[in-house]
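*Asks:* Coordinates only, no sequence provided:
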């Protein structure tokens, strides 16, 4: 499957963003549950958005969300396009 064809498919980038945001939310909820033993949003974000950690927290979240969303979406779209190609 051609890389360019997959990333130019209609809805690809929207799906990357949606998948990435979903990953970020689930990841931070699971991390919070392990770190604080429950849903303690204010303490979790107070810790991670403190003066010396906020950039790493935000940048790391966006980067990992994009990477995860891109990999999963690329796989889904390449399978979908390959299947459509075979059907013709």
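*Replies:* Everything's here; your move. This is a predicted model, so every value here is computed, not measured.

*Asks:* Closest to the centroid, which residue in the protein?
*Replies:* Nearest to the mean C-alpha position of the chain, by Cα atoms, centre = their mean, lies residue 20 at 1.9 Å.

*Asks:* Give me the helices and strands touching the helix or strand hosting it, please.
*Replies:* If you go by DSSP states H and E, residue 20 is part of helix 12-36. Counting contacts by 3 or more Cβ pairs under 8 Å, 6 or more residues apart in numbering; DSSP states H and E, helix 12-36 packs against helix 41-48, helix 54-87. Where C-beta positions appear, they are placed from N, C-alpha and C, glycine not excepted.

*Asks:* at 6 Å what do you get?
*Replies:* In terms of contacts (3 or more Cβ pairs under 6 Å, 6 or more residues apart in numbering; DSSP states H and E), helix 12-36 is packed against helix 54-87.

*Asks:* in the helix it packs on, what's buried?
*Replies:* 61, 65-66, 68-70, 72-74, 77-78, 81 (16 or more other Cβ atoms under 10 Å).
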